[in-house]
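**Q** next comes the sequence, and after it the predicted model I'd like to discuss.
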Amino acid sequence: MLSGKSSPVLTDSSPIKEPRVGIHSNMMGCAPPGASFTSGLYIPIPKKKSSKLEDVLSNDWLDAMRSSSPPRKKLFKDFKVGVVSDDSDFGYSSWMKNHPSALNNFEKITKFDEGKKIAIFLDYDGTLSPIVDDPDCAFMTDDMRNAVRNVAKYFPTAIISGRSRDQVCEMVGLAELHYAGSHGMDIMGPNHNVSNAHSNLTDLQGKDVSLFQPAREFLPMIDEVFKTLVEITKDIKGAKVENHKFCTSVHYRNVNEKSWPTIAQRVHDVLKDYPRLRLTHGRKVLEIRPVIDWDKGKAVEFLLESLDLSNRDDVLPIYIGDDRTDEDAFKVLRERKQGYGILVSPIPKETKAFYSLKDPSEVKLFLKALVKWKEHDQKLQRGTSTN
């Protein structure tokens, strides 16, 4: 949990080749140019291996790539009893015992609320929009947008995405939300011209900050790696490289699986020269991020604290997401013993989430149910106050 004494920050003033990332003593939206910081928490960086195909094999890159978005028809393991069965019949129903439907358990979730302040955190791809072959075409429906807009009328609401903040802002198109792009490394509060009770974003000292970027000094490095990856993958049919400002993504969803070792090796060869960057896996995507102690879970903690919703017993955070990167947020809520993580998936997956939803259409139904429940609750309160 974040505290007023330490906070995630930019790199220190050591040379770019130094594999170190520091923790700034003050919570700031971004640092002034040329600022240097004392070193703090460092993430150990493994020694890079030589550039051979065996590298990506020994690092389990290919296994992770193959499992990042498994096909619908496959064998599933019942994690509780160790039984393997095909598809969703036994395997899925058994998994659902540990991760029941958030829709079917809606009354249980809201009963637990009983006067608590709900805060909503949402992933974008696969949660508010369907997973599609072209990431640029992952549009949310107008009905989903209205559902999110109505939720934000009653609850502090944030979108936490691996996309760049500007891109996800444009795709969602709602000014009244908080947006955290690049897996939470680029956080912006709502438009302050919007009449909204949850429109303030503050740091731990109570200062109004419109922007929080804990990895700002990595921008030139990320841009350099992006340009390199575009160049070295342009001959791989179906490969797509995106610059999400504080991270770079290499999509291989449309790449023939025979070419996966090639794309993995080329990304590996680039990363070995950047010890301050690390690789993570998403849905058929390789993501290159700064080696900084910051993820979607840390973004949730920061937003809760900046909204004065942390260290309180009357707060119920709900995080809905579908990707591996969302597990960091699920883990935070589980460790805090506060709120619920909801995994969006039509198939069983190992997860830290408490509940599940099958797809974005069920997410929409859940959000609409929250709004309907809140409106009914307010009517009851008004009726009680007039008696």
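**A** Received, thanks.
**Q** so what's the nearest residue to His244 once chain neighbours are set aside up against?
**A** Among residues not flanking His244 along the chain, Ser164 sits closest, at 4.2 Å (Cβ to Cβ, 6 or more residues apart in numbering). C-beta: built from backbone N, CA, C; applies to glycine. Neighbour list for Ser164: 181-182, 186, 243-246 [criterion: Cβ atoms under 8 Å, 6 or more residues apart in numbering].
**Q** as a check, name the ranges of all helices in this protein.
**A** 53-58, 61-67, 90-98, 106-113, 142-154, 165-172, 219-233, 260-271, 296-306, 327-336, 360-386 (DSSP state H).
**Q** coming back round to it: Arg334 versus the residue nearest to His244, what's the distance?
**A** 28 Å (Cβ to Cβ, to the nearest Å).
**Q** could you do Glu327 as well?
**A** Noted for Glu327: a distance of 10 Å to Arg334, by Cβ to Cβ.
**Q** what residues are shared contacts of the two?
**A** When contacts are counted by Cβ under 8 Å, 6+ apart, Glu327 and Arg334 are jointly contacted by Lys352.
**Q** just say which of the helices of the chain is most tucked in.
**A** Among the helices of the chain, helix 296-306 has the highest mean neighbour count (mean count of other Cβ atoms under 10 Å), at a mean of 24.
**Q** other SSEs contacting that helix?
**A** strand 117-122, strand 157-160, strand 178-181, strand 186-188, strand 315-321, helix 327-336 (3 or more Cβ pairs under 8 Å, 6 or more residues apart in numbering; DSSP states H and E).
**Q** adding distance to Lys237 and mean pLDDT, write these out as a markdown table.
**A** Converted to a markdown table, the helices and strands packed on helix 296-306 look like this (distance: least, Cβ to Cβ, whole Å; pLDDT from 0 to 100):
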| stretch | distance to Lys237 | mean pLDDT |
| --- | --- | --- |
| strand 117-122 | 33 | 96 |
| strand 157-160 | 32 | 98 |
| strand 178-181 | 29 | 96 |
| strand 186-188 | 31 | 94 |
| strand 315-321 | 30 | 96 |
| helix 327-336 | 31 | 96 |
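**Q** using TSV, lay out the ones you listed together with distance to Leu370.
**A** Listed next are the helices and strands packed on helix 296-306 as TSV, based on distance: least, Cβ to Cβ, whole Å:
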stretch	distance to Leu370
strand 117-122	7
strand 157-160	10
strand 178-181	17
strand 186-188	23
strand 315-321	8
helix 327-336	17
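**Q** what's around Met126, how many residues?
**A** Quick fix: residue 126 is Gly, not Met. Neighbour count for Gly126, taken as other Cβ atoms under 10 Å: 22.
**Q** gap between Leu307 and Val151?
**A** Distance check for Leu307 against Val151: by Cβ to Cβ, it reads 15 Å.
**Q** for Phe212, same thing?
**A** 23 Å.
**Q** for the stretch 151-300 of the chain, give me the ranges with low pLDDT.
**A** Scanning the stretch 151-300 of the chain for pLDDT under 70 picks out 191-210.
**Q** can you rerun that using 50?
**A** Applying pLDDT under 50 to the stretch 151-300 of the chain flags residues 192-199, 203-208.
**Q** coming back round to it: so which of the helices and strands packed on helix 296-306 is nearest Ala138?
**A** strand 157-160 (13.1 Å; Cβ to Cβ).
**Q** now do that closest one: distance to the chain's middle.
**A** The chain centre lies 9 Å from the centre of strand 157-160; the measure is Cα atoms, centre = their mean, to the nearest Å.
**Q** for stretch 157-164, same thing?
**A** Relative to its chain's centre, stretch 157-164 lies at 6 Å (Cα atoms, centre = their mean).
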